[in-house]
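Engineer: turn this into a model:
(one chain, ligands or ions: 1)
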Amino acid sequence: MFDVDSVRRDFPILGREINGRPLVYLDSAATSQKPQAVIDSLVDYYSRYNANIHRGIHSLGEEATNEYEGVRVKIKRFINASDAHEVVFTRNTTEAVNLVATTYGRQHVLAGDEILLSPLEHHSNLIPWQILAQERDAKLVYCDLTEDGRVCLESVAKKLSKRTKIVAMTLTSNVLGTIVPIKALSALAHEVGAVVFVDGAQGLPHMPVSVQDLDCDFFAFSMHKMLGPTGVGVLWGRAKLLEAMPPYMYGGNMISSVWRDRVIYNQIPWKFEAGTPNIADVVGSGVALDYLVKLGMDNVREHEIELCNYALEKFSAIDGMTIYGPHSAAHRAGVFSFNLNGVHAHDLGQIVNEEGIAIRVGHHCCQPLMRDLDLPGTARASFYVYTTKSEIDLLITALERARKVLGHVACR
Ligand code: ALA
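Structural biologist: Predicted structure coming up:
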């Protein structure tokens with residue numbers, strides 16, 4: 001295991017004070033904080049080798065191209081893909097979902113076909129499929145959840161059929177923290193010939209992932225949730241699927257030859273990377289991956305399990321606090337949605353902010369799930385590699401204060 005205190009020293013923002021209190025950042029599911037090495041890499045890029053890539057033969061252009069393409073190889077290793085050409089850079093996870101829905105989806109989903117989702121999906125892994133289904137007169141089908149918010153595999157098996165063309169599910173819920181058993185899901189989906197698209201945005205930052213072991217067909221994630229800069233997403237896809245898909249956007253870099261009236265597209269992955277990409281932030285993403293590799297993803301998960309066990313024990317002792325999602329660390333990541341009896345989530349967010357504590361409140365871009373739970377919203381505390389048990393204690397103290405300030409009496 002790594003030393004959390006020493007990790008914290010690498011994150012300059014954690015030295016900040018908010019409202020006269022040391023910052024307690026419990027909103028890493030929204031975006032993670034960045035280590036100094038990532039911040040420095042952006043200044044280094046712009047100070048020493050800023051140039052456009054894949055275009056010129058001058059030294060700066062070559063250096064920038066090598067760094068950019070080098071990050072693709074780092075990603076290939078990080079997710080254990082079989083080939084770096086299967087790694088496509090996008091702006092974020094949302095763009096990766098849209099890319100697959102509008103290319104692979106339009107090619108393969110026809111009238112009467114079905115797309116299977118879970119009720120846990122973030123709007124970004126729902127609306128692109130909703131629009132595709134509307135366009136094609138296809139149907140969205142939802143599997144059931146267990147009482148504690150886990151994906152029920154028996155229900156997945158029942159809802160799959162020869163009509164199912166795509167199964168799109170998150171690896172980890174950004175609301176309930178649920179970890180979805182993707183490997184078992186892939187096996188079931190492949191039996192009926194469906195492809196599996198995994199939204200890895202909340203999962204990959206927190207656990208070791210091998211796309212080959214998960215046996216999924218597409219896997220998307222965002223670097224800003226795993227110590228990297230904003231503006232870099234990744235779509236991994238099996239080469240044979242990516243090769244058969246049309247481009248998503250058209251323009252420079254995605255071509256091999258152009259005539260006045262026709263074009264031959266570039267090979268994968270560049271076929272999907274039209275225009276000048278976000279070079280600096282891709283470079284910074286490589287440094288973020290180096291940082292995580294150094295910590296060890298097994299250790300990252302172990303640290304999170306320890307925090308989850310601690311939080312589950314402490315939160316369950318608070319009168320009137322409802323925790324949503326799995327009550328076992330084995331089935332969840334460090335994302336805790338909760339409500340405190342009689343206190344509106346927005347009021348909670350405001351009161352804890354007065355103590356320097358950052359949490360997210362609201363529907364978390366999961367309105368259908370909130371409707372299923374019959375909730376207007378929740379407060380959410382989310383952890384990462386720099387989170388400590390004493391920060392969880394500070395949150396609990398602030399919640400107790402919130403209850404007093406808002407004048408509500410605790411009741412179970
Ligand atoms: N999807 C991010 C979250 O859950 C923004 O907060």
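
Engineer: residue numbers of the protein in contact with the ligand?
Structural biologist: 29-30, 122, 174, 360, 364-365 (CB under 6 Å from any ligand atom). (Glycine included, C-beta is placed from N, CA and C.)

Engineer: can we see that at 5 Å?
Structural biologist: With CB under 5 Å from any ligand atom as the criterion, the chain meets the ligand at residues 29-30, 174.

Engineer: in CSV, list these along with neighbour count, pLDDT and secondary structure.
Structural biologist: CSV is the format used below for these (neighbours: other CB atoms under 10 Å; pLDDT from 0 to 100; DSSP: H, G, I helix; E, B strand; the rest coil):
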residue, neighbour count, pLDDT, secondary structure
29, 28, 98, coil
30, 17, 98, coil
174, 28, 98, coil
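
Engineer: between the residues you listed, which sits nearest residue 88?
Structural biologist: Using CB to CB, residue 174 is the member of the residues of the chain next to the ligand that lies nearest residue 88, at 22.5 Å.

Engineer: list the contacts of that closest one.
Structural biologist: 29, 122, 201-202, 335, 364-366 (CB atoms under 8 Å, 6 or more residues apart in numbering).

Engineer: with adjacent residues omitted, what lies nearest to it?
Structural biologist: Closest residue to residue 174 apart from its sequence neighbours, by CB to CB, 6 or more residues apart in numbering: residue 202 at 4.7 Å.

Engineer: let's see the pLDDT reported for that neighbour.
Structural biologist: Looking at residue 202, its pLDDT reads 98.

Engineer: and it, how many neighbours?
Structural biologist: 27 (other CB atoms under 10 Å).

Engineer: quick one: low-confidence ranges for the stretch 301-412 of the chain?
Structural biologist: Along the stretch 301-412 of the chain, the parts satisfying pLDDT under 70 run over 407-412.

Engineer: OK, now which residue of it is nearest to the ligand?
Structural biologist: Residue nearest to the ligand within the stretch 301-412 of the chain: residue 364 (5.0 Å; CB to the nearest ligand atom).

Engineer: in three-state terms, label that residue for me.
Structural biologist: Using DSSP: H, G, I helix; E, B strand; the rest coil, the structure places residue 364 in coil.

Engineer: verify the contact between it and residue 380 for me.
Structural biologist: Yes. Residue 364 is in contact with residue 380 according to CB atoms under 8 Å; the separation is 6.2 Å.

Engineer: common neighbours of those two, please.
Structural biologist: Common neighbours of residue 364 and residue 380 are listed as 175, 337 (criterion: CB under 8 Å, 6+ apart).

Engineer: what about the residue of the chain most remote from its centre, which helix or strand?
Structural biologist: Most distant from the centre of the chain: residue 260, at 40.9 Å, with distances by CA atoms, centre = their mean. In this assignment (DSSP states H and E), residue 260 forms part of neither any helix nor any strand.

Engineer: circling back to that earlier point, what's around the residue of the stretch 301-412 of the chain closest to the ligand, how many residues?
Structural biologist: Count around residue 364 with other CB under 10 Å applied: 23.

Engineer: give me every residue that touches it.
Structural biologist: Going by CB under 8 Å, 6+ apart, the list of residues near residue 364 reads 122, 174-175, 337, 370, 377-378, 380.

Engineer: show me the shaky parts of this protein.
Structural biologist: Short version for the chain, where the test is pLDDT under 70: 407-412.

Engineer: now do the same contact list for the spatially most central residue of it.
Structural biologist: Compute the mean C-alpha point of the chain, and by CA atoms, centre = their mean the closest residue is residue 201, 1.1 Å away. Taking CB under 8 Å, 6+ apart, we find residue 201 in contact with 93, 122, 124, 170, 174, 220-222, 225.

Engineer: and of these, the nearest to residue 60?
Structural biologist: residue 222 (28.0 Å).

Engineer: for the ligand, what is the nearest residue in the stretch 51-200 of the chain?
Structural biologist: residue 174 (3.6 Å).

Engineer: C-alpha coordinates for stretch 90-109, CSV please?
Structural biologist: Written as CSV, here are the backbone C-alpha positions of stretch 90-109 (Å, rounded to 0.1, in the frame of the first residue of the first chain):
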residue,chain,number,x,y,z
THR,A,90,-11.8,11.9,-27.8
ARG,A,91,-12.7,14.9,-25.7
ASN,A,92,-14.3,12.9,-23.0
THR,A,93,-16.4,9.7,-22.3
THR,A,94,-19.5,11.4,-23.6
GLU,A,95,-17.9,11.9,-27.0
ALA,A,96,-16.8,8.3,-27.0
VAL,A,97,-20.4,7.1,-26.4
ASN,A,98,-21.7,9.4,-29.1
LEU,A,99,-19.0,8.2,-31.5
VAL,A,100,-20.0,4.6,-31.1
ALA,A,101,-23.8,5.3,-31.1
THR,A,102,-23.6,7.3,-34.3
THR,A,103,-21.2,5.1,-36.2
TYR,A,104,-21.4,1.4,-35.1
GLY,A,105,-25.0,2.0,-33.8
ARG,A,106,-26.3,3.4,-37.1
GLN,A,107,-24.6,0.6,-39.0
HIS,A,108,-26.0,-2.2,-36.9
VAL,A,109,-29.2,-1.2,-35.1
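
Engineer: how about the helices in the stretch 201-350 of the chain?
Structural biologist: Taking DSSP state H, counting those that start in this stretch to define them, one finds helices in the stretch 201-350 of the chain at 211-214, 239-244, 279-295, 297-316, 345-354.

Engineer: now the ones you listed in a markdown table, with distance to residue 328 and mean neighbour count?
Structural biologist: What follows is the helices of the stretch 201-350 of the chain, written out as a markdown table (distance: least, CB to CB, whole Å; neighbours: other CB atoms under 10 Å):
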| stretch | distance to residue 328 | mean neighbour count |
| --- | --- | --- |
| helix 211-214 | 21 | 17 |
| helix 239-244 | 35 | 16 |
| helix 279-295 | 24 | 21 |
| helix 297-316 | 8 | 17 |
| helix 345-354 | 24 | 18 |
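
Engineer: of the ones you listed, which is nearest residue 101?
Structural biologist: helix 239-244 (13.5 Å).
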